[in-house]
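Colleague: This is a predicted model, with the sequence first.
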Amino acid sequence: MTTPAIEHIIANDSIRHDWFPVTRNRIFLGHAGVSPIPRVAVECLQRGAQAAAEDQQEAGDFIGRVEAVREAGASLIGAHKSEIALLGPTSLGLNLVALGLDWQAGDEVIFYPDDYPANVYPWQHLAERGVKIVPLQPVRVGEITPELVRAAITSKTKLVALASCHFLTGYRLDYRAIGEELKKRGILFCLDGIQSLGATTIDAQYIDFLSADSHKWMLGPSGAGVFYVKKEHFDRLKPVLVGSWNVRSPNFIAQPEIKFEATARRYEPGSLYLLGLEGMKASIDLLVGVGIDAIEKRLQHLRRFVVETAAQRGLSVLYAERPVEQMSGISTISLAGKDAVAIGKRFSEAKVSVSIRHDRAGVPHLRLSPHFYNTEAELKTALELV
């Protein structure tokens, strides 16, 4: 499929409506939550479902189809497909890291307790194994800096587990600077990448592990995702889920000795969600065809538009003063002193999909998370509803 430039897509409603059916009857600005899927993914799912109705679900070149999905996932982070396990949801991969490392009493894990809960509980749970949990405490919500991480490191730090982007504020983690520092010190780095993959570039050379479901910025089906493990850590990260798919079982016969597959398949214990994974691949192919760099620049432009337009209306956007390069596609407006329930109802009635989120203090916020195919006119309409 030939992919026209973003400008051509957003300037032609016929193309937008064709590629993204959600745009026909709704303004969708909730990609940081659960996204709609594009037409190419819909068609892929339909073809897969029809084929599954006519033969067994793994008919044909099953292995080839799986490897093609791995290749697509690897392309998003500059990894090799052998380092990609096909798992979802995000929390599954994070738990595999938490439970698969050889923790010793007194080892420390650095994390951020105000990240999305999926990237908090796996690390808190390690306290039961004698691991010391070290919570980061930034001055502002979501503002995790390399300096803050550096100050929390001790000789006992074994792992730093953070999100590539904060789910509420949209503040982007400088994972490159943090990754370089951790590599020098021999400390492992795990990234929750769900708020970045498909919208911004991620470079695997700076991290050791990454987990991300596809249902946000990757525009894929819920429950299909990628789990990255740097090859050099295959022996260090023990598979904690064991089954017929990740243990070598010639002729489907259980063996007296457990020998794991040589690739990241070792972290996939059983049958794969092939239908959803191929839908995810279709969406990834679309995004890569458009260009992740181009998508990132488009989202930065939309961020500027939101900040400027919101200011004209007297609305307060979190981190409005920050350069767009430090932020993601998320723009969050404080609703302090406003009736969040009434505002949410207004958006629902207008068929504009956004998210209402609260911080730990209970203050409500309106989160706008457009993707590259959204227009300035759609964002203007949304801001007029606040």
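Modeller: In hand now; what should we look at?
Colleague: What strands line up against the strand ranked longest in the chain, and which way round?
Modeller: Under DSSP state E, the strand in the chain containing the largest number of residues is strand 157-163. Partner strands for strand 157-163, per DSSP bridges, with pairing direction: strand 108-111 (parallel), strand 188-192 (parallel).
Colleague: I would like the residues contacting it, please.
Modeller: Here strand 157-163 makes contact (CB atoms under 8 Å, 6 or more residues apart in numbering) with 94, 97-98, 101, 103, 107-112, 115-116, 119, 122-123, 131, 134, 144, 149, 153, 173, 175, 178, 182, 185, 187-195. In short, each C-beta sits where N, CA and C put it, glycine included.
Colleague: List only those of the residues you listed flagged as buried.
Modeller: Using 16 or more other CB atoms under 10 Å as the burial test, the contacts of strand 157-163 include 94, 97-98, 101, 103, 107-112, 115-116, 119, 122-123, 131, 134, 144, 149, 153, 173, 175, 178, 182, 187-195 as buried.
Colleague: which residue sits farthest out from the middle of the protein?
Modeller: No residue in the chain has its C-alpha farther from the mean C-alpha position than residue 256, which lies at 38.4 Å (CA atoms, centre = their mean).
Colleague: What helix or strand is it located in?
Modeller: Per DSSP states H and E, residue 256 falls between elements, in no helix or strand.
Colleague: same thing with residue 141?
Modeller: Using DSSP H and E, no element contains residue 141; it sits outside every helix and strand.
Colleague: For it, grab phi and psi.
Modeller: Phi and psi for residue 141, reported as degrees, to the nearest 10, are phi -60, psi 130.
Colleague: now do residue 377
Modeller: Backbone torsions of residue 377, given as degrees, to the nearest 10, read phi -60, psi -40.
Colleague: repeat for residue 83
Modeller: For residue 83, the backbone dihedrals are phi -100, psi 10 (criterion: degrees, to the nearest 10).
Colleague: domain assignment for this structure?
Modeller: Following automatic domain parsing, one gets these domains for the chain: 6-30+291-384, 46-288.
Colleague: of all the ones you listed, which lies closest to residue 37?
Modeller: With CB to CB as the criterion, residue 37 lies closest to domain 46-288 of the domains of the chain, at 5.8 Å.
Colleague: just how off-centre is that closest one within its chain?
Modeller: 10 Å (CA atoms, centre = their mean, to the nearest Å).
Colleague: Quick one: end-to-end distance for it.
Modeller: Start-to-end span of domain 46-288 (CA to CA, to the nearest Å) is 22 Å.
Colleague: For it, the averaged confidence score.
Modeller: Taken as a whole, domain 46-288 carries a mean pLDDT of 98.
Colleague: The stretch 151-300 of the chain: helices as residue ranges?
Modeller: 175-185, 274-290, 292-312 (DSSP state H, counting those that start in this stretch).
Colleague: In the last one, which residues are buried?
Modeller: Applying a neighbour-count criterion of 16+ other CB under 10 Å, one finds 292, 295-296, 298-300, 302-303, 305-307, 309-310 buried in helix 292-312.
Colleague: try the second one
Modeller: Along helix 274-290, the positions that meet the burial threshold by neighbour count (16+ other CB under 10 Å) are 274-287, 290.
Colleague: just the angle between it and helix 292-312, please?
Modeller: Orientation note: helix 274-290 sits at an angle of 80 degrees relative to helix 292-312 (axes from the mean of the first three to the mean of the last three CA atoms, to 10 degrees).
Colleague: what's the offset of helix 274-290 from the middle of its chain?
Modeller: Chain-centre distance of helix 274-290: 14 Å, with CA atoms, centre = their mean.
Colleague: by contact count, what packs against it?
Modeller: Applying 3 or more CB pairs under 8 Å, 6 or more residues apart in numbering; DSSP states H and E, we find helix 274-290 packed against helix 39-54, helix 62-75.
Colleague: and the longest one, how far from the chain's centre?
Modeller: Spelled out, it's helix 39-54. Per CA atoms, centre = their mean, the centroid offset for helix 39-54 relative to its chain is 24 Å.
Colleague: Provide the contact partners of it at residue level.
Modeller: Defining contact as CB under 8 Å, 6+ apart, one finds that helix 39-54 is touched by 1, 18-21, 37, 59-60, 219-221, 274-276, 278-283, 285-286.
Colleague: now do stretch 307-320
Modeller: With CB under 8 Å, 6+ apart as the criterion, stretch 307-320 contacts 140-141, 143, 168-171, 306, 326-327, 331-334, 365, 379-380, 383-384, 386.
Colleague: now do 7 Å
Modeller: 169-171, 306, 327, 331-334, 379-380, 383, 386 (CB atoms under 7 Å, 6 or more residues apart in numbering).
Colleague: nearest spatial neighbour of residue 5, skipping sequence neighbours?
Modeller: The shortest distance from residue 5 to any non-neighbouring residue, by CB to CB, 6 or more residues apart in numbering, is to residue 294 (7.5 Å).
Colleague: Please look at the one you found and residue 9 and confirm they touch.
Modeller: No. Under the criterion of CB atoms under 7 Å, residue 294 is not in contact with residue 9, lying 10.5 Å apart.
Colleague: ok, which stretches of the chain are strands?
Modeller: When secondary structure is read from DSSP E, the chain shows strands at 27-28, 84-85, 108-111, 132-135, 157-163, 188-192, 209-213, 225-229, 331-334, 352-353, 355-358, 364-368.
Colleague: As CSV, these with distance to residue 344 would be great.
Modeller: Below are the strands of the chain laid out as CSV (distance: least, CB to CB, whole Å):
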stretch, distance to residue 344
strand 27-28, 15
strand 84-85, 37
strand 108-111, 30
strand 132-135, 31
strand 157-163, 25
strand 188-192, 26
strand 209-213, 25
strand 225-229, 28
strand 331-334, 13
strand 352-353, 10
strand 355-358, 5
strand 364-368, 8
